[in-house]
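Student: Turn this into a structure:
(chains A, B and C)
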Amino acid sequence: MTDAHPIITLTTDFGLDDPYVGVMKGVILQICPTCHLVDLAHTLSQGDVLRASFALRAALEYFPQGTVHLVVVDPGVGSARHPVAVHGRGMYFVGPDNGLFWFLADDDPPPRVVTIQNRAYVLPRTSSTFHGRDIFAPVAAYLARGVRLEELGPPLRTVVRLDLPRPQRISSHRIGGAVIYVDHFGNCISNIAPEELGIDLTRGSWTVRCDAGQLPVRRFYSEVDAGTPLAVIGSSGHVELSVRDGSAALQLDLGPGAPFVIERLDG
Amino acid sequence: MTDAHPIITLTTDFGLDDPYVGVMKGVILQICPTCHLVDLAHTLSQGDVLRASFALRAALEYFPQGTVHLVVVDPGVGSARHPVAVHGRGMYFVGPDNGLFWFLADDDPPPRVVTIQNRAYVLPRTSSTFHGRDIFAPVAAYLARGVRLEELGPPLRTVVRLDLPRPQRISSHRIGGAVIYVDHFGNCISNIAPEELGIDLTRGSWTVRCDAGQLPVRRFYSEVDAGTPLAVIGSSGHVELSVRDGSAALQLDLGPGAPFVIERLDG
Amino acid sequence: MTDAHPIITLTTDFGLDDPYVGVMKGVILQICPTCHLVDLAHTLSQGDVLRASFALRAALEYFPQGTVHLVVVDPGVGSARHPVAVHGRGMYFVGPDNGLFWFLADDDPPPRVVTIQNRAYVLPRTSSTFHGRDIFAPVAAYLARGVRLEELGPPLRTVVRLDLPRPQRISSHRIGGAVIYVDHFGNCISNIAPEELGIDLTRGSWTVRCDAGQLPVRRFYSEVDAGTPLAVIGSSGHVELSVRDGSAALQLDLGPGAPFVIERLDG
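Tutor: Down below sits the predicted model:
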């Protein structure tokens, strides 16, 4: 056991109406009775690999080194994708290699990836429809217990990438972006992370132009009135299109993929 | 304490909008501070004893011996049903004896059943409307701590049965069944468990006939195209009517009780 | 560490579709790896401070002394309200001081309240939009670890109050009340707590009059037929307007604020 209280996070599209998530926890606790189980999200749209990956990516840095992230969003269980275990950023990732872990692909140093083949670390009877229970849950539990990644199976070169919209630098003060994730509050989180792009939105006056009009860029929701649209740097470090005490998705009719431009007015 | 980390599972129809499940956990943790709490399902339709029992039954075998399963689906709290604690299959079950535990009734050896009467193991003030909090949660916690079943109250002969549709063996290669549980994905889980019936669906060519037409029996979803109906042996070992990357319940208009026949074509 | 297994409860309006609750748990477990995390409710209507406070208040007494209650329902994050930590009734409370903790205001002895200012107990980089993650979760975890309230910041006189409808004593046998919380079952929980008012509903014959008609006051749901309205003393000790095996909210068209009178018929 590498850690007295290892953490395993769970992200699935299983919903909460059936016992499927609970069953995976039973499997895990039989193998690793001391671990902490933390649900990230289970009510993702079925098969929404992109949304699951963004949810996971936003959560990552808030978990300690050694955490195991179990992700089961697996359209077409049993079709051609590898079941994988990955070590990257000091943490472990377990799930189907269908693009869920795209954000690790270009890390430096690169992630270590293995395809799960060692039957000693999966359930004795593996169903054809519930790999979350039979393969991924036990592997996550064994990793939490300290089993070495390389014992699980042979290495893969890297993880599957997703083809994502990237921010377009139109000029030094003008960047094209897109909404990539709409949260429960209707906040529209974009692919523009100013810090990664070397842009400081606190210097000068910035604005966002989207189909619904122009939004001021502000630091706090409270800088505008309730019901007013604005753009902020959200909690994940990305530009978010929001409405104070309201839903930008509903009020501005925005969804995943919606394009916009952020630009400096006084540049 | 029989176990350093005893597990208590929770299954209710309380929903997740109110603090009722959390309150039961508070009661449990006061009595058994080291236990693991695992939610199975809380968004069951109100009073759906049948669905709760199937959810629990499908989950059972993935939990370790000694696990305590707390189930509170209790239409008409305070009416004529015994509050019971049961020991069977190496585990404990606590809840109202209204049919929730029907699947234990014919076990060999039979389950040990007691009606909860010893007021030393329930909350000092018992409300008339929330037995989950006042009776069942504390009893589950005391069992997890190692209290003996017989200390809780006098024995009952067995648990209440439910009148369930049983599979009909029409001939050696033809069996009539019914849908008993529709899950979040729209998979229609049936009362036909081939292994229990001594039938091997991997030998020969089998088909399912239901009101919506004829479905091939396959081993993997990926053996048919997306959007195509099929029957598989699901993760619980029962025949399931499914649609790859879709909902059989919606597409084939199936629900609990829907009849079908599975038969061998080349028999 | 004051306790081997301190408990932190979580109540938010974050919903369950995003990883926000899970992220707070990651933050907490980094600081206090041994604590138990118990969800009270996360699907509250956005910004519904009143409902959150009632959910918390109903749950309180079922948790052990020393429990930390983390509540993040925070319309207008970053606007003029103090982030506070409170010690009262032997427990801790952490969240925005926007009325969430009104029920502690008149306690005797009064609660100890501090405004959170010590940056040693919050995340190094504090976002402008997610104080739950950056301020409240770490403070809750440090309190669970045994950090003293006074280390967090300077004292406040008390917590913010809410302006709530109070029961009106019309005569010794006639009290005016209002619905304050409608639960998942459609039970309409009121502001009338007979024990607090010195009234014994088990003596004599009582009735409730509301816009939808007259309801008998009974001890058990099972004293009326299924589908019949009644009033009971609910599990929180308050008068509840209910329908046996049905929803009083739907059937009697009641919601928060709905007025009624409870009176003794044979007084």
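
Student: which SS class is the closest residue to residue A:6 other than its chain neighbours?
Tutor: Distances taken as C-beta to C-beta, 6 or more residues apart in numbering or on different chains place residue A:144 nearest to residue A:6, at 3.9 Å, with adjacent residues excluded. Where C-beta positions appear, they are placed from N, C-alpha and C, glycine not excepted. Assigned by DSSP: H, G, I helix; E, B strand; the rest coil, the conformation of residue A:144 is helix.

Student: residues making contact with the helix or strand of chain A with the lowest mean pLDDT?
Tutor: For chain A, counting by mean pLDDT, DSSP states H and E, helix A:194-197 ranks last in confidence among helices and strands (a mean of 88). Residues outside helix A:194-197 that contact it (C-beta atoms under 8 Å, 6 or more residues apart in numbering or on different chains) are A:167, A:169, A:175, A:200-201, A:233, A:237, A:239.

Student: ok so, going back, quick one: contacts for the residue nearest to residue A:6?
Tutor: A:3, A:6-8, A:28, A:32, A:35, A:68, A:92.

Student: same deal with residue A:259?
Tutor: Contacts of residue A:259 (C-beta under 8 Å, 6+ apart): A:176-178, A:210-211.

Student: buried sites along the top strand by length along chain A?
Tutor: When chain A is parsed with DSSP state E, its longest strand is strand A:174-182. Using 16 or more other C-beta atoms under 10 Å in any protein chain shown as the test for burial, strand A:174-182 gives A:175-182.

Student: Looking at those residues, spot the one nearest chain C.
Tutor: residue A:181 (8.5 Å; C-beta to the nearest C-beta).

Student: That closest one is in contact with residue A:257, isn't it?
Tutor: No: Residue A:181 is not in contact with residue A:257 according to C-beta atoms under 8 Å; the separation is 10.8 Å.

Student: Please see if stretch A:203-212 touches chain C.
Tutor: No: Stretch A:203-212 lies apart from chain C when judged by C-beta under 8 Å from any C-beta of the partner chain; the minimum separation is 15.0 Å.

Student: again with stretch A:83-91
Tutor: No: using C-beta under 8 Å from any C-beta, stretch A:83-91 stays clear of chain C, coming no nearer than 11.0 Å.

Student: which residues are in contact with that stretch?
Tutor: A:60, A:63, A:65-69, A:92-97, A:101, A:104, A:107, A:110-116, A:131, A:135-136, A:139, A:143, A:149, A:152-153, A:156, A:159.

Student: For the stretch 151-267 of chain A, which residues are neighbours of chain C?
Tutor: When proximity is defined as C-beta under 8 Å from any C-beta, the stretch 151-267 of chain A approaches chain C at A:183-185, A:219-222, A:226, A:232-235, A:240, A:244-245.

Student: Pull the most distant pair out of the residues you listed.
Tutor: A:184 and A:219 (22.3 Å; C-beta to C-beta).

Student: For those two, indicate the residue with more neighbours.
Tutor: The neighbour comparison of residue A:184 against residue A:219 (other C-beta atoms under 10 Å in any protein chain shown) goes to residue A:184, with 18 against 15.

Student: that's a strand at that one, yeah?
Tutor: No: with three-state DSSP as the criterion, residue A:184 is assigned coil and is not in a strand.

Student: Next, the contact list for the spatially closest residue to it that is not a sequence neighbour, please.
Tutor: Distance criterion C-beta to C-beta, 6+ apart; nearest residue to residue A:184, sequence neighbours excluded, is residue C:15 at 3.6 Å. Residues near residue C:15 by C-beta under 8 Å, 6+ apart: A:184, C:42-43.

Student: Please, which helix or strand holds residue C:15?
Tutor: If you go by DSSP states H and E, residue C:15 is not part of any helix or strand.

Student: So it versus residue A:242, what's the distance?
Tutor: 16 Å (C-beta to C-beta, to the nearest Å).

Student: do the same with residue A:65
Tutor: Distance, residue A:65 to residue A:242, by C-beta to C-beta: 32 Å.

Student: Can you classify the nearest residue to residue A:47 once chain neighbours are set aside as helix, strand or coil?
Tutor: Closest residue to residue A:47 apart from its sequence neighbours, by C-beta to C-beta, 6+ apart: residue A:75 at 3.6 Å. Assigned with three-state DSSP, residue A:75 falls in the coil class.

Student: residues touching residue A:75, list them.
Tutor: Going by C-beta under 8 Å, 6+ apart, residue A:75 touches A:46-47, A:49, A:98, B:245.

Student: out of those, who's nearest chain C?
Tutor: Ranked by distance to chain C (C-beta to the nearest C-beta), these are led by residue A:46 at 13.2 Å.

Student: Over stretch A:155-165, what's the mean pLDDT, rounded is fine.
Tutor: For stretch A:155-165, the mean per-residue pLDDT is 92.

Student: Only the buried residues of that stretch, if you could.
Tutor: A:156, A:158-160.

Student: can you give me the strands in the stretch 151-267 of chain A?
Tutor: Applying DSSP state E, counting those that start in this stretch to the stretch 151-267 of chain A gives strands spanning A:155-156, A:168-171, A:174-182, A:188-190, A:206-210, A:213-216, A:229-233, A:239-243, A:259-264.

Student: which other helices and strands contact the third one?
Tutor: Helices and strands touching strand A:174-182, by 3 or more C-beta pairs under 8 Å, 6 or more residues apart in numbering or on different chains; DSSP states H and E, are helix A:49-59, strand A:168-171, strand A:188-190, strand A:259-264.
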